[in-house]
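Q: Sequence plus the predicted model coming up.
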Amino acid sequence: MVTMSPKASESVRTVSATIDSQQIDAGNHSGIPIVFIHKNYSPYLEFTLRQAAFSNPNSPIYLLGDDQNNRFPFLIHRQIDAYENPDSDYFKKVYEHYSPNHYDYELFCFIRWYLVRELMKREGFSEVFVADSDVMIYANITEYISQTGLRNTIAAFNIGSDYQWVRSASGHSSYWTWEGIELFCKLAADLYTEPRLRTFMEQIRSEKIIKNDRAGISDMTALYVFYEQEKARIRNLSECRDDTAFDHNICMATNFNLDEYEFGLGQKKVVIKKGYPVAYNRLLKKEIRLHTLHFQGNSKKLIHRYFTANGLLARKLFREFRFLASVLYHMVRS
């Protein structure tokens, strides 16, 4: 069930998550809310959003977006600008840019967590699951949370075994309680204002420069610091649990451990079995079910191949044709 935060004063307004080409009515749902945040329109959204709705028919699916992606009748669309708030405005004032990525991009990676917090506050949600728009969700998130004791944590996200020297974590698939998102948003601002934390951040930045790590300082650094501070109350979703895990990055053999999964042609060797992605764990010497697949970077062009919901056949064929044509073009060029 979706429980209410102490600050909730109104009932939760949700819509059906069934995949339907027609506009649907609002209603109450018992599943954990799933939140995506995306600016503009990208063709792969047709697959990731519908996959989430297919796998989570009892969950309200939220897209915090803009006019360009307000085109999915099976989910709840909200304008990003409408969820800006005094805390996000304050963070914009204190943020300092230490990243090779564009200033606006890196800043928004932080701001999105304030948007999630504001959504939870307004809708009265005490827990949500947040996914990047290039993440395919195959698990029923509500069932997973209920069956694995995730409510005993305040948050959960992806951290690889090498996090201590990379000093970063990823929220591309993440579970948040109200307490967790409150603490993290406060920490994010404190990193740029509190002397002790500023010194720690400068230490991390210096380490990255020495190691020629161009990752810079980002919200992934903040998530790492949050994990270090609240480790006992945060679960690492990259770690294999009951022969299942959340994918850290399909382009990496590493998930929780280094070179953990079979790898080839630039990605984990993943096959779909009974509607679920499966990859062979070399260390455990067994197949592991992956609750999500994260198509970071150029791997987004392959998302359509892993779509297990109904429909979109024409779109799948078109994207496959484009992909194969691109491969052929580069082969000829080389």
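A: Structure's in. What do you need? Numbering: from 1, shown residues only.
Q: For the residue nearest to residue 221 when sequence neighbours are not counted, list the residues it contacts.
A: In this structure, residue 221 finds its nearest non-sequential neighbour in residue 168, 5.6 Å apart by C-beta to C-beta, 6 or more residues apart in numbering. C-betas here are computed from N, CA, C, even on glycine. Residues near residue 168 by C-beta atoms under 8 Å, 6 or more residues apart in numbering: 215, 218, 220-221, 223-224.
Q: State the distance from residue 168 to residue 174.
A: Counting by C-beta to C-beta, to the nearest Å, the separation of residue 168 from residue 174 is 14 Å.
Q: now the strands: where do they sit in the stretch 51-200 of the chain?
A: 61-65, 76-79, 127-131, 135-137, 155-158, 170-177 (DSSP state E, counting those that start in this stretch).
Q: what about the closest residue to residue 171 other than its chain neighbours, distance to residue 105?
A: The spatial neighbour of residue 171 that comes closest, neighbours along the chain excluded (C-beta to C-beta, 6+ apart), is residue 157 at 4.7 Å. According to C-beta to C-beta, residue 157 stands 20 Å off from residue 105.
Q: neighbour-wise, which of those two wins?
A: For residue 157 versus residue 105, neighbours defined as other C-beta atoms under 10 Å are more numerous around residue 157 (26 against 11).
Q: The more buried one and residue 169 touch, don't they?
A: Yes. Assessed by C-beta atoms under 8 Å, residue 157 is found in contact with residue 169 at 5.8 Å.
Q: list residues touching both of these two?
A: 223, 227.
Q: Burial check on residue 207, number of neighbours?
A: Residues near residue 207, counting by other C-beta under 10 Å, number 13.
Q: Surely it forms part of a helix?
A: Yes. Counting by DSSP: H, G, I helix; E, B strand; the rest coil, residue 207 is found in a helix.
Q: Near the nearest residue to it once chain neighbours are set aside, how many other residues are there?
A: Take residue 207 and drop its neighbours on the chain: the residue closest to it by C-beta to C-beta, 6+ apart is residue 167, 7.0 Å away. Neighbourhood size, residue 167 [other C-beta under 10 Å]: 22.
Q: Report the contact partners of residue 167.
A: Going by C-beta under 8 Å, 6+ apart, the list of residues near residue 167 reads 204, 207-208, 221, 224.
Q: Please apply the same query to residue 92.
A: 107, 111.
Q: let's see it at 10 Å
A: 84, 107, 110-111, 114 (C-beta atoms under 10 Å, 6 or more residues apart in numbering).
Q: Check the gap between the closest residue to residue 97 other than its chain neighbours and residue 296 for me.
A: Of all residues not flanking residue 97 in the chain, residue 103 sits nearest, at 5.0 Å (C-beta to C-beta, 6+ apart). Distance check for residue 103 against residue 296: by C-beta to C-beta, it reads 21 Å.
Q: So between the two, which is more surrounded?
A: residue 296 (17 against 10).
Q: Look at the more buried one and report its pLDDT.
A: Looking at residue 296, its pLDDT stands at 94.
Q: nearest residue to it other than its sequence neighbours?
A: Per C-beta to C-beta, 6+ apart, closest to residue 296 is residue 249, 4.9 Å.
Q: Could you do residue 169 as well?
A: residue 223 is the one closest to residue 169 (C-beta to C-beta, 6+ apart), at 3.9 Å.
Q: if I've got this straight, that neighbour is in a helix?
A: Yes. Judged by three-state DSSP, residue 223 forms part of a helix.
Q: Contacts only, for it.
A: With C-beta under 10 Å, 6+ apart, residue 223 has these contacts: 113, 155, 157-159, 163, 168-171, 174, 184, 187-188, 234.
Q: Please apply the same query to residue 260.
A: 160-161, 238, 240, 245, 248, 252-254, 268, 279-284, 288.
Q: Then residue 40?
A: With C-beta under 10 Å, 6+ apart, residue 40 has these contacts: 65-69.
Q: Low-confidence bits of the stretch 1-150 of the chain, can you list those?
A: Residues of the stretch 1-150 of the chain that meet the criterion pLDDT under 70 lie in 1-28.
Q: what's the angle from the helix or strand hosting residue 46 to strand 127-131?
A: Element membership of residue 46, judged by DSSP states H and E, is helix 45-55. Helix 45-55 and strand 127-131 are oriented at 140 degrees to each other (axes from the mean of the first three to the mean of the last three C-alpha atoms, to 10 degrees).
Q: what's the angle from helix 45-55 to strand 61-65?
A: 160 degrees.
Q: and helix 45-55, C-alpha only, in PDB?
A: Taking C-alpha atoms only, helix 45-55 is exported to PDB below (Å, rounded to 0.1, in the frame of the first residue of the first chain):
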ATOM      1  CA  LEU A  45      10.700   7.000 -23.700                       C
ATOM      2  CA  GLU A  46       8.000   5.000 -25.500                       C
ATOM      3  CA  PHE A  47       9.700   1.900 -24.300                       C
ATOM      4  CA  THR A  48      10.900   2.700 -20.800                       C
ATOM      5  CA  LEU A  49       7.700   4.300 -19.600                       C
ATOM      6  CA  ARG A  50       5.500   1.600 -21.100                       C
ATOM      7  CA  GLN A  51       7.700  -1.100 -19.700                       C
ATOM      8  CA  ALA A  52       7.400   0.300 -16.200                       C
ATOM      9  CA  ALA A  53       3.600   0.500 -16.500                       C
ATOM     10  CA  PHE A  54       3.400  -3.000 -17.900                       C
ATOM     11  CA  SER A  55       5.500  -4.500 -15.000                       C
END
